[in-house]
Structure formats: C-alpha cells, structure tokens
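Engineer: Would you be able to build a 3D model of this:
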Amino acid sequence: MHITNRYLDLQPVVAAAAQQLGLSVLVVALEPGDGEVFCRRSLWALIVRPERVASLQAAVSGTKALLPRPGFTAWTDGFSNLLGILK
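Structural biologist: Numbers count the residues shown, from 1 in each chain. Next up is the predicted model:
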C-alpha cells in the first residue's frame, strides 16, 4: 500500500488497521537512483500474515516492522482523527 504523504503520517493508521485484522505490517522506503530527477522517495506498507514477516524481510531489502503506536485509536467508519497524524 502506498503511504507516502507530505503532510500526514499514515503509518499509525495502517498499523492499527492491520492489528485489528491480526496482520503485520512491514514498511519499505524506496529511494530514486542517481540521475532519476523525476522520481521521488516513496514509502510503502506491506501488510502480511505474521508468519510471512521473516521470509518477506529476507526477500525485500530495507523492510522494517511497523508496530502500532501506543494509545492510537484505530480508524473506523465512525471515527478518524486527522489532527493526530499531522506531521
């Protein structure tokens, strides 16, 4: 899932949603190579079953486990808090 955003930190939103579903999240940042002037850094969340974390970390370099933020309330149809994820 592409979670790059200049103004919002979407990582806690994704982590809380995954936790509600019993899933794990790995984050990987992709950096443009030299000479790629039209490319920008991007941040991706890989949402996987917990038993797949180790094999995915071995297969995709630079992945980091994303843990839920303590005290962060998962978003639902009836609740979201944009102020809580402002950078």
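Engineer: Only C-alpha atoms from now on, for both contacts and neighbour counts.
Structural biologist: Noted.
Engineer: backbone phi and psi for the residue lying farthest from the centre of the chain, please?
Structural biologist: No residue in the chain sits farther from the centre than G35, which is 26.9 Å out by Cα atoms, centre = their mean. Phi and psi for G35, reported as degrees, to the nearest 10, are phi 80, psi -10.
Engineer: Over to V14?
Structural biologist: Here V14 shows phi and psi, under degrees, to the nearest 10, equal to phi -70, psi -40.
Engineer: Compute the number of surrounding residues for E51.
Structural biologist: 10 (other Cα atoms under 10 Å).
Engineer: Please confirm that it is located within a strand.
Structural biologist: No - per DSSP: H, G, I helix; E, B strand; the rest coil, E51 lies outside any strand segment and is helix.
Engineer: how far away is it from S80?
Structural biologist: Counting by Cα to Cα, to the nearest Å, the gap from E51 to S80 is 30 Å.
Engineer: cool, and A74?
Structural biologist: Counting by Cα to Cα - A74 and S80 are separated by 8 Å.
Engineer: same check, this time on T73
Structural biologist: For T73 relative to S80 (Cα to Cα), the value is 8 Å.
Engineer: Counting neighbours, go ahead and name the busier of those two.
Structural biologist: T73 (16 against 13).
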